[in-house]
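**Q** predicted model follows, preceded by the sequence.
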Amino acid sequence: MKTATLNKTGIRTETAAKVEEQVYRVGIALVGVSSLAIGLWAAVALISGMVASGGPGALVSDWFRAILG
């Protein structure tokens, strides 16, 4: 009877460990997807800023004018 109890405990421990591992994997995937979305948003914002100002040089000069007044 003790052997059966130990086997059940061992199975529950392994299952709990697998669930924790899956939770960590999902968390890491969510952080990765969020980082990708933020990076894409930043690239789109930079490109649209260059288009609106007339090119990369104009973007830099407009940025300095906005900062310095």
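**A** Great, that's in hand.

**Q** for the protein, which helix is longest?
**A** helix 2-53 (DSSP state H).

**Q** list the helices and strands that helix packs on?
**A** Judged by 3 or more C-beta pairs under 8 Å, 6 or more residues apart in numbering; DSSP states H and E, helix 2-53 is in contact with helix 56-68. For the C-beta atoms, the positions are set from N, CA and C on the backbone; glycine is no exception.

**Q** now the helix it packs on: buried residues?
**A** Buried residues in helix 56-68, counted by 16 or more other C-beta atoms under 10 Å: residue 59.

**Q** what does stretch 23-38 give?
**A** Buried residues in stretch 23-38, counted by 16+ other C-beta under 10 Å: none are found.

**Q** extract the CA atoms of it and return them as PDB.
**A** Taking C-alpha atoms only, stretch 23-38 is exported to PDB below (Å, rounded to 0.1, in the frame of the first residue of the first chain):
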ATOM      1  CA  VAL A  23       3.100  28.200 -17.700                       C
ATOM      2  CA  TYR A  24       6.700  29.400 -17.900                       C
ATOM      3  CA  ARG A  25       6.700  28.700 -21.700                       C
ATOM      4  CA  VAL A  26       3.500  30.600 -22.200                       C
ATOM      5  CA  GLY A  27       4.800  33.500 -20.200                       C
ATOM      6  CA  ILE A  28       8.100  33.600 -22.200                       C
ATOM      7  CA  ALA A  29       6.100  33.500 -25.400                       C
ATOM      8  CA  LEU A  30       3.900  36.300 -24.300                       C
ATOM      9  CA  VAL A  31       6.900  38.500 -23.500                       C
ATOM     10  CA  GLY A  32       8.400  37.700 -26.800                       C
ATOM     11  CA  VAL A  33       5.300  38.500 -28.800                       C
ATOM     12  CA  SER A  34       4.800  41.800 -26.800                       C
ATOM     13  CA  SER A  35       8.400  42.800 -27.600                       C
ATOM     14  CA  LEU A  36       7.900  42.000 -31.200                       C
ATOM     15  CA  ALA A  37       4.800  44.100 -31.400                       C
ATOM     16  CA  ILE A  38       6.500  47.000 -29.600                       C
END
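
**Q** many thanks, we can stop here.
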